[in-house]
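Trainee: give me coordinates for this.
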Amino acid sequence: MAPFAQIRDRGHLPHWESEGATYFVTFRLAGSLPRHFLEELRDRIRLETSPRLNTIAQKLRAKEFEEMLDAGHGPKHLARPEIAGMIASSLRAFDGTRYKLFAWCVMPNHVHVVFRPFADLSLAGILHSWKSFTARTAQRKFGLCGSFWQREYYDHLIRDEEQFLRAVRYVAENPAKSGLVDWRWVEVAPR
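Mentor: Residues are numbered from 1 along each chain as shown. Okay, here's the model as predicted:
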């Protein structure tokens, strides 16, 4: 792990960033989680007081969050092959020049990526680039209107080899775990 990590907070989720770090990131379509689920989650977060309870609750929330995404609520624009292909191409476009991709998958309503930004680029900058380009392209080429991506994204700074392997395995197995047979939109880079 890099020696120094800074916390960037945009008002919703804190983002731990460290130069040379590897991240497991999930970003999702706008409207992909039911409003009642998000409100209940916010209420539970407000009730958590002790640091130990908060750590346990964070792990439970992340698991619930992923299960709810995999249940396929809301729009499923990314199930369309032409949109999933465009997302995959945008992820691959700067692999090796702006970042190193280790694994990614495009699910029907969200995307998972394990990657390492190169030194002069930030996690936020890369996510902004992916999301803004793909949203504009989806709206222009495929006639989609309104918000495409949810503004916020979930990221996890990977601290060791065990976490790295677990994240890559999760990304690789997520389509099959969600019942998507022969899903084309998943890739794990050889090491």
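
Trainee: got the contact list for residue 110?
Mentor: Counting by Cβ atoms under 8 Å, 6 or more residues apart in numbering, residue 110 makes contact with 26-29, 32, 69, 78. Where you see a C-beta, it was placed from the backbone N, CA and C, and this is true even at glycine.

Trainee: SS state for the residue most central in space within the chain?
Mentor: Closest to where the C-alpha atoms of the chain average out (Cα atoms, centre = their mean) is residue 26, at 0.9 Å. The local conformation at residue 26, judged by DSSP: H, G, I helix; E, B strand; the rest coil, is strand.

Trainee: what bridges to it?
Mentor: Judged by DSSP bridges, the bridge partners of residue 26 are residue 112, residue 154.

Trainee: and the helices in the chain?
Mentor: In the chain, the helices defined using DSSP state H lie at 35-47, 51-70, 81-92, 123-142, 161-177.

Trainee: going by mean pLDDT, which of these comes out lowest?
Mentor: Across those, helix 51-70 has the smallest mean pLDDT, namely a mean of 58.

Trainee: show me what contacts residue 117?
Mentor: Contacts of residue 117 by Cβ under 8 Å, 6+ apart are 21, 23, 98-99, 123, 125-126.

Trainee: hmm, 6 Å instead?
Mentor: Contacts for residue 117 were tallied using Cβ atoms under 6 Å, 6 or more residues apart in numbering; they are 99, 123, 126.

Trainee: hang on, isn't the first one packed against residue 115?
Mentor: Yes. Taking contact to mean Cβ atoms under 6 Å, the distance of 4.9 Å between residue 99 and residue 115 places them in contact.

Trainee: ok so, going back, between the contacts of residue 110, which is closest to residue 190?
Mentor: The shortest gap between residue 190 and any of these belongs to residue 26, at 23.1 Å (Cβ to Cβ).
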